[in-house]
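Engineer: got a predicted structure here, sequence first:
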Amino acid sequence: MLNKIILIGRLTRDPELRYTPNGTAVSNFSLAVERNYKNKNGERDVDFIDIVVWRKQAEHCANHLNKGRLVAVEGRLQIRSYETDEGQRRRNAEVVANNVQFLDWPNRNNDRQEPAEEDIDVPF
């Protein structure tokens, strides 16, 4: 069996960091990921995907990422089922991240910023 997801997108909100009762860090954020095709209006539709990150990487994401940052997420799809207070069954899909790569550099005024060519360290 194989369950592997790779996404590249921008954070729609700042990561939320919390700790489980036994002290394990967990961070949640959402990614806006454009689809590969344009709709009838010539625009790209966007999917909003919930991401869950655990342990040290959760703390790293919460401390260094914010809304608008570009990241790559590699992980697995997880479907959780739960029952509401009204007794209705609900399902929630999320990606449990194994690896989160930061793809841009933060800007002091929190605007999106692509790395300048001189900022990229290329080994020869």
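Structural biologist: Here it is on my side, so go on. Residues are numbered from 1 along each chain as shown.
Engineer: could you use CA atoms for every contact and neighbour count after this?
Structural biologist: Will do.
Engineer: what sits opposite D50 in the beta ladder?
Structural biologist: S30 (DSSP bridges).
Engineer: let's see the pLDDT reported for it.
Structural biologist: Looking at D50, its pLDDT is 97.
Engineer: hang on, it packs against E94?
Structural biologist: Yes. Taking C-alpha atoms under 8 Å as the definition, D50 is a contact partner of E94 at 4.9 Å.
Engineer: what is in contact with the two at once?
Structural biologist: Counting by C-alpha atoms under 8 Å, 6 or more residues apart in numbering, no residue touches both D50 and E94.
Engineer: and for the strand or helix carrying V100, what's in contact with it?
Structural biologist: Secondary structure assignment for V100, by DSSP states H and E: strand 89-102. Contact partners of strand 89-102, identified using C-alpha under 8 Å, 6+ apart, comprise 5, 49-54, 57, 61, 69-84.
Engineer: direction included, what does the helix or strand encompassing S81 pair up with?
Structural biologist: In this assignment (DSSP H and E), S81 forms part of strand 70-83. If you go by DSSP bridges, strand 70-83 pairs up with strand 5-11 (antiparallel), strand 89-102 (antiparallel).
Engineer: any idea how far D45 is from Y37?
Structural biologist: Distance, Y37 to D45, by C-alpha to C-alpha, to the nearest Å: 8 Å.
Engineer: neighbour count for these two, which is higher?
Structural biologist: D45 (13 against 10; other C-alpha atoms under 10 Å).
Engineer: am I right that that one is in contact with E34?
Structural biologist: Yes. Counting by C-alpha under 8 Å, D45 touches E34, with 5.9 Å between them.
Engineer: for A58, what are its contacts?
Structural biologist: If a contact means C-alpha under 8 Å, 6+ apart, then A58 has L17, A25, V26, S27 as its contacts.
Engineer: report the buried residues of the strand or helix carrying it.
Structural biologist: If you go by DSSP H and E, A58 is part of helix 55-64. By 16 or more other C-alpha atoms under 10 Å, the buried positions in helix 55-64 come out as Q57, A58, E59, C61, A62.
Engineer: so it versus strand 89-102, what angle?
Structural biologist: 80 degrees (axes from the mean of the first three to the mean of the last three C-alpha atoms, to 10 degrees).
Engineer: since that was my last question, I'll sign off now.
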